[in-house]
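[1] My questions are about this predicted structure, shown below with the sequence.
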Amino acid sequence: MMQPAYISSASIISPQQHFEDVGFLEGIKTTSDGILFVTEPDYKKYINPVAIRRMSKMLKMGISTGMNALQHAGVDKPDAIITGTGRGSMIDTEQFLLNMIEMNEEALTPTSFIQSTYNSINGWLALQTKCNGYNQTYVNRGASLEMALFDAQMLLHESGKEMNILAGCFDEITPDYVKVKSKVGYWKHPSPLSTDLFRHDDTPGTIAGEGTAFFTLTNNKNRAICAMPALKTLQDEQPAGVIDAINTLLTGQGLSMADIDVLLCGMNGDVRQQAVYDELFKTTTERTSVTAFKHLCGEYDTSSGFAIWAATQLFTSQNLPDIITIKRGTHEGIKNILLVNHYILNSHSIILLQNIQ
Amino acid sequence: MEELKNTLKQQIIESLNLEGMKPADIDDNAPLFGEGLGLDSIDSLELMVLLERNYGIKIEDAREGRKVLESVQSMAEYIQQHRTI
């Protein structure tokens, strides 16, 4: 059986808070515009001031979150850097494409092209930390972060020595992306107040979001906040198949749904994507608290990053904020958290997280 | 010439995103790379594109490019002699 990966630090930039904010989901930010943009920290503490001037928002977000996660774990140089992104740096990509059109494919500036490549953030993180170890960026739509975490877990499992891996995700939203995806029915019209998203789960569409999340993963249990014993991704699976996969994953860890304290659900208020969660709720017992998070971070390819960060906060605080709670269970304390997420219709993920304090 | 140098400085600030800098902060003869403004190789590519887009100047020879991009003064002199737009 695969050994767990242990999370020794977690950092985010999200629409609700960033890594410099104190507390957990205090002072909730809302919007009725249908897009939850991130709140940004002061980047200058984390990025070389000479380099920062030409960096786009996505680069600054990714590098600072990664560096902050390493700082919290007390790691100067990770052994590997593994990330996932659904779309990479959208602002740079759009700018480069617009330049191509405007300049008739001539006299193109290099910066937006260089930064639009998916592995740009990994490259910068490697340069800043002088890490010349394994470096990988997964671009697998809604399973991007999950692939990065799975790769990290395998690397930790196979390594015969103590390792620290920087694993994370980054995705940003742009007005043009929202406009294009609006044409294929991604978003709710009209958009409700973001915190009222689940009161409108009888209509199609959701709200857009963005964010970064980075974790220091290790195989040293003593340095950990929590463990990630198992994860699974599913493509084009029906609700019954997802439930089967959840049961198989839990059985493999000697658990059942009755052992889960908190169920973190990635439902996004879209009636067309609700069936799997309705089936899941039928399997929960009185013990389990049911929670949701996409009314706080919006829908994006790597929203699981926000949820995993929230899980680390739940373990640390042992407190379930009302803003994420749909049903409060009878469990005492928070030991087992099951994250069930999806992106649009065809990509599901299941991640088990365990408190080891 | 003075007007051209001021315009060029403004274009350099915008194109290289030199936050908090004004044209008056850039010395005409100070080196753009290394000391002085401390620009790097990606900036040199951005400056080549600036010359092409704004003045119709295409520099093919790297050695010539290095001389042209020494300072604002050398860039302005080259622009005055070779501009096509």
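    Structure's in. What do you need?
[2] make it CA atoms for all contacts and neighbour counts henceforth
    OK.
[3] what separates B:Lys67 from chain A, distance-wise?
    Going from B:Lys67 to chain A by CA to the nearest CA, to the nearest Å gives 20 Å.
[4] Show me where chain A has its helices.
    Using DSSP state H, the helices of chain A run over residues A:49-52, A:57-73, A:90-102, A:110-116, A:120-129, A:144-158, A:175-182, A:239-252, A:275-282, A:294-297, A:304-317.
[5] for these, which one ends up most surrounded?
    Comparing these by mean neighbour count (mean count of other CA atoms under 10 Å in any protein chain shown), helix A:294-297 comes out on top with a mean of 26.
[6] what's the average pLDDT for it?
    Taken as a whole, helix A:294-297 carries a mean pLDDT of 98.
[7] And for stretch A:167-178?
    Averaging pLDDT along stretch A:167-178 yields 96.
[8] What of stretch A:330-349?
    Rounded mean pLDDT across stretch A:330-349 is 94.
[9] Tell me the buried residues in it?
    Neighbour-count burial for stretch A:330-349, counted by 16 or more other CA atoms under 10 Å in any protein chain shown, picks out A:334-344, A:347-349.
[10] out of the residues you listed, who's nearest chain B?
    A:Tyr343 (36.1 Å; CA to the nearest CA).
[11] Name the nearest residue to the closest one, ignoring sequence neighbours.
    Distances taken as CA to CA, 6 or more residues apart in numbering or on different chains put A:Gly142 closest to A:Tyr343, at 5.1 Å, once the chain neighbours are dropped.
[12] What of B:Ile79?
    Nearest one to B:Ile79, counting by CA to CA, 6+ apart, is B:Tyr55 at 7.0 Å.
[13] Touching, that neighbour and B:Thr84? I think so.
    Yes - using CA atoms under 8 Å, B:Tyr55 is in contact with B:Thr84, at 6.1 Å.
[14] Compare those two and say which is more crowded by neighbours.
    B:Tyr55 (15 against 12; other CA atoms under 10 Å in any protein chain shown).
[15] Now the more buried one. Its backbone dihedrals?
    phi -130, psi 0 (degrees, to the nearest 10).
[16] Provide a list of residues in contact with it.
    Going by CA atoms under 8 Å, 6 or more residues apart in numbering or on different chains, B:Tyr55 touches B:Ile79, B:Arg83, B:Thr84, B:Ile85.
[17] one more time with 10 Å, if that's ok
    Shown in contact with B:Tyr55 (CA atoms under 10 Å, 6 or more residues apart in numbering or on different chains): B:Val49, B:Ile79, B:Gln80, B:His82, B:Arg83, B:Thr84, B:Ile85.
[18] What strand or helix carries the closest residue to the fourth one other than its chain neighbours?
    Taking CA to CA, 6+ apart as the measure, B:His82 lies nearest to B:Ile57, with 6.7 Å between them; neighbours along the chain are not counted. With secondary structure defined by DSSP states H and E, B:Ile57 is part of neither a helix nor a strand.
[19] B:Ile57 and B:Val68 touch, don't they?
    No - between B:Ile57 and B:Val68 there is no contact under CA atoms under 10 Å: 11.2 Å.
[20] hey, what's in contact with both of the two?
    By CA under 10 Å, 6+ apart, the residues touching both B:Ile57 and B:Val68 are B:Met48, B:Tyr78, B:Ile79.
[21] doesn't A:Gly269 make contact with A:His342?
    No - A:His342 is not in contact with A:Gly269 according to CA under 10 Å; the separation is 12.0 Å.
[22] and for the two, which residues touch both?
    Residues touching both A:His342 and A:Gly269 (CA under 10 Å, 6+ apart) are A:Glu299.
[23] Spell out which parts of chain B neighbour chain A.
    Chain B comes close to chain A at residues B:15-19, B:38-40, B:42-43, B:45-53, B:56, B:58, as judged by CA under 10 Å from any CA of the partner chain.
[24] B:Asn54 versus A:Met55, what's the distance?
    23 Å (CA to CA, to the nearest Å).
[25] Please apply the same query to A:Ile344.
    45 Å.
[26] before we move on, what about A:Ala5?
    A:Ala5 is 54 Å from B:Asn54, by CA to CA.
[27] Poorly predicted segments of chain B, please.
    Scanning chain B for pLDDT under 70 picks out nothing.
[28] What is the least confident helix or strand in chain A?
    Ranked by mean pLDDT, DSSP states H and E, the weakest helix or strand in chain A is helix A:49-52, scoring a mean of 78.
[29] Show me what that one is packed against.
    Applying 3 or more CA pairs under 10 Å, 6 or more residues apart in numbering or on different chains; DSSP states H and E, we find helix A:49-52 packed against helix A:57-73.
[30] Show me what the helix it packs on is packed against.
    strand A:5-13, helix A:49-52, strand A:80-84, helix A:90-102, helix A:110-116, helix A:120-129, strand A:164-171, strand A:211-218.
[31] mind redoing it with 7 Å?
    Using 3 or more CA pairs under 7 Å, 6 or more residues apart in numbering or on different chains; DSSP states H and E, the elements in contact with helix A:57-73 are strand A:5-13, helix A:120-129, strand A:211-218.
[32] Just want the angle from the longest one to strand A:164-171.
    Looking back up the chat, that one is helix A:120-129. Going by axes from the mean of the first three to the mean of the last three CA atoms, to 10 degrees, helix A:120-129 is angled at 140 degrees with respect to strand A:164-171.
[33] Could you confirm whether helix A:120-129 reaches chain B?
    No - using CA under 7 Å from any CA of the partner chain, helix A:120-129 never reaches chain B; the gap is at least 14.5 Å.
[34] then the host helix or strand of B:Ile42 to CSV, C-alphas only?
    Element membership for B:Ile42 (DSSP H and E) is helix B:41-55. The C-alpha coordinates for helix B:41-55 follow below in CSV (Å, rounded to 0.1, in the frame of the first residue of the first chain):
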residue,chain,number,x,y,z
SER,B,41,18.9,40.2,-21.5
ILE,B,42,15.1,39.9,-21.7
ASP,B,43,14.9,43.7,-21.4
SER,B,44,17.3,44.0,-24.3
LEU,B,45,14.8,42.0,-26.4
GLU,B,46,12.0,44.3,-25.2
LEU,B,47,14.0,47.3,-26.3
MET,B,48,14.7,45.8,-29.7
VAL,B,49,10.9,45.4,-30.1
LEU,B,50,10.4,49.0,-28.9
LEU,B,51,12.7,50.3,-31.7
GLU,B,52,10.9,48.2,-34.3
ARG,B,53,7.4,49.1,-33.3
ASN,B,54,7.9,52.8,-32.7
TYR,B,55,10.6,53.7,-35.1
